[in-house]
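1. next comes the sequence, and after it the predicted model I'd like to discuss.
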Amino acid sequence: MRIFERIFGFLTSTRVGITVMVMLALLSLLGATIPQGGSREAYIDAYGRFWGGVISGLGLTDVFRADYFTLLLVLLCIMVFACALKRLPRRIELASGRSFIFDEERLARMPRAGEIAVDLEQDEAVLHVLDVCRRRHYRTFRKREGHKEGIFASKAGYSRYGSFILHLSFIFLLAGGVASTRLGSRHLREIRLGESFALTGLGPDSTVVRVEDFTVETDEMGRLSDYICEVTLEAGDRILSRHTIRPNHPLDYRGIEVYLVSYAEDTERPEAFALSVYDSLGNVVAPHIFAAVDVRNYIEELQGAVQATLGVLPGVRFFPDSGGIQSYMVQRDVLPPDEVEGPYQFVVMYGVPGVLVTLEVVREPLQGLIIAGLALLTAGTFLSLYLSHRRIWFMVTEHSRGTSRVVLGGGASRNPDGFAEEFEAVRRTLDELA
């Protein structure tokens, strides 16, 4: 038992708590000052061989994920919990304890005190006091000691737990932050339309995200209004679901969130070509057509469909109505008749860039801890700052035949001005009964 007492004394020591918080503050300052995630050579170039070696050797290149930083955070959580437990019995005693005072001097020394003589028998006076307190939502208890009747009235006793709940919220927030830092991950994916990446697992049974489409929406005035990325969740050959990702509206799947970060033109892989079609003699057949990559477009002038292809060099596959398939290379200029192979020449005017979408995949396990911590923080702040535990003690004695004497006193854990108004209201109500 002595060992446990020493451990508990260590965890609740003010000196140890200050030391841990100072160390965390210094490490956080170093983590914010020193660029994180660099190589040893980069730190040696930036700070010199000695200090660069010290920074790398002490693990200051990734402070917030370091084991010692996590250990200090866990120790701080344990210490906060131990301090909260140390004070909890007193909180419970103050919140739910029933105490009675039969000493007039003690009642007179309270922050608010008073004395009233009422023209009622002692039992009737007690019932009136109980009724007045209950109308003001006080919990009341009574006890008799000799010829004295004691009444204890308590209101909002649960506000005493506000500081304990605030301690718990701090623990939950710290634990959630540690879990997100050590177990979570963030990485960017640059994806072309039609491509996919694994979201969970590996192999044929993994869940993948496939980017189907991307559009930029504008309003009636032509101003940019929204970015929309259409994706599908697939597992093997099955489509699990379809989703629309917008800025600040991510895809959420089993605790993994996929955010739309940005987009860019993919000039290395166009999605279509604007072409001019000439015959073998150099005469214009179709001055301006679009040939989409891997998609057939029917062209009336050619009486057939064309489809652009990407390889080492871009090309065109022509599907005439008469049947068969003809393949052509895309030319930059019209060729002389003796160099033309086939009935047509496809000359590129410009390429239509494809779209490269950047998605951020965020894994933040145990987010429920942070949500619970925020909820507890709100509840604890409300209980601590906006509610006060109000207590009033009454001592009722028989003054003379048919009359009684009521001595009362009370106080509040906070907001004494508000309690003073309520105490006076109770006293005036008893005065009116007198």
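-> Sure thing, it's come through. Here the structure is a predicted model, which means the values were calculated and not measured.

2. who does residue 299 bridge with?
-> Here residue 299 sits in beta bridges with residue 304, going by DSSP bridges.

3. tally of neighbours for it?
-> 18 (other CB atoms under 10 Å). To be clear about C-beta, it is placed using only N, CA and C from the backbone, and glycine gets the same treatment.

4. and it, how far is that from residue 266?
-> The gap separating residue 299 from residue 266 is 25 Å, by CB to CB, to the nearest Å.

5. tell me the secondary structure at residue 268.
-> coil (DSSP: H, G, I helix; E, B strand; the rest coil).

6. sorry, slip of the keys, the one I care about is residue 239.
-> strand.

7. begin at 34 from now on, thanks
-> Taking 34 as the first residue, the last one we looked at is residue 272.

8. list the contacts of it.
-> 265, 266 (CB atoms under 8 Å, 6 or more residues apart in numbering).

9. and the gap between it and residue 351?
-> 33 Å.

10. for residue 254, same thing?
-> For residue 254, the distance to residue 351 - CB to CB - is 42 Å.

11. more neighbours, those two?
-> residue 351 (22 against 6).

12. is residue 280 in contact with residue 261, as I believe?
-> No - under the criterion of CB atoms under 8 Å, residue 280 is not in contact with residue 261, lying 9.6 Å apart.

13. can you pull out the strands in the stretch 34-183 of the chain?
-> 145-151, 172-178, 181-188 (DSSP state E, counting those that start in this stretch).

14. and those: which comes nearest residue 118?
-> strand 181-188 (23.7 Å; CB to CB).

15. ok, which stretches of the stretch 334-467 of the chain are strands?
-> Under DSSP E, counting those that start in this stretch, the stretch 334-467 of the chain gives strands at 337-342, 348-353, 359-364, 377-385, 387-396, 423-433, 436-445.

16. closest one to residue 83 among the ones you listed?
-> strand 387-396 (37.7 Å).

17. would you map the helices across this protein?
-> 35-44, 47-66, 73-90, 100-129, 137-141, 155-168, 195-216, 400-419, 449-466 (DSSP state H).

18. to residue 247, which of these lies closest?
-> Of the helices of the chain, nearest to residue 247 by CB to CB is helix 400-419, at 27.9 Å.

19. which residues are contacting that closest one?
-> Contacts of helix 400-419 (CB under 8 Å, 6+ apart): 191-192, 194-199, 201-206, 208-210, 212-213, 288.

20. kindly report the same for stretch 67-77.
-> Against stretch 67-77 from outside (CB under 8 Å, 6+ apart): 79, 84, 85, 86, 88, 89, 93, 94, 95, 96, 97.

21. please repeat the previous calculation with a cut-off of 6 Å.
-> Here stretch 67-77 makes contact (CB atoms under 6 Å, 6 or more residues apart in numbering) with 85, 88, 89, 93, 95.

22. how about that stretch as PDB, C-alpha atoms only?
-> Only the C-alpha atoms of stretch 67-77 are listed here, as PDB (Å, rounded to 0.1, in the frame of the first residue of the first chain):
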ATOM      1  CA  ILE A  67      12.800  23.400 -36.400                       C
ATOM      2  CA  PRO A  68      11.500  22.300 -39.800                       C
ATOM      3  CA  GLN A  69      10.200  18.700 -39.400                       C
ATOM      4  CA  GLY A  70      10.700  15.700 -41.600                       C
ATOM      5  CA  GLY A  71      14.000  16.600 -43.200                       C
ATOM      6  CA  SER A  72      17.000  14.400 -43.800                       C
ATOM      7  CA  ARG A  73      20.200  14.400 -41.600                       C
ATOM      8  CA  GLU A  74      22.100  16.100 -44.500                       C
ATOM      9  CA  ALA A  75      19.500  18.800 -44.800                       C
ATOM     10  CA  TYR A  76      19.800  19.700 -41.100                       C
ATOM     11  CA  ILE A  77      23.600  19.600 -41.300                       C
END
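
23. determine how far that stretch lies from the middle of the whole chain.
-> Relative to its parent chain, stretch 67-77 has a centroid offset of 30 Å by CA atoms, centre = their mean, to the nearest Å.

24. please apply the same query to stretch 460-467.
-> That offset, for stretch 460-467, works out to 53 Å (CA atoms, centre = their mean).

25. so how far is residue 67 from residue 84?
-> 10 Å.

26. ok, the two, which is more surrounded?
-> When neighbours are counted by other CB under 10 Å, residue 84 and residue 67 differ, and residue 67 comes out ahead with 16 against 12.
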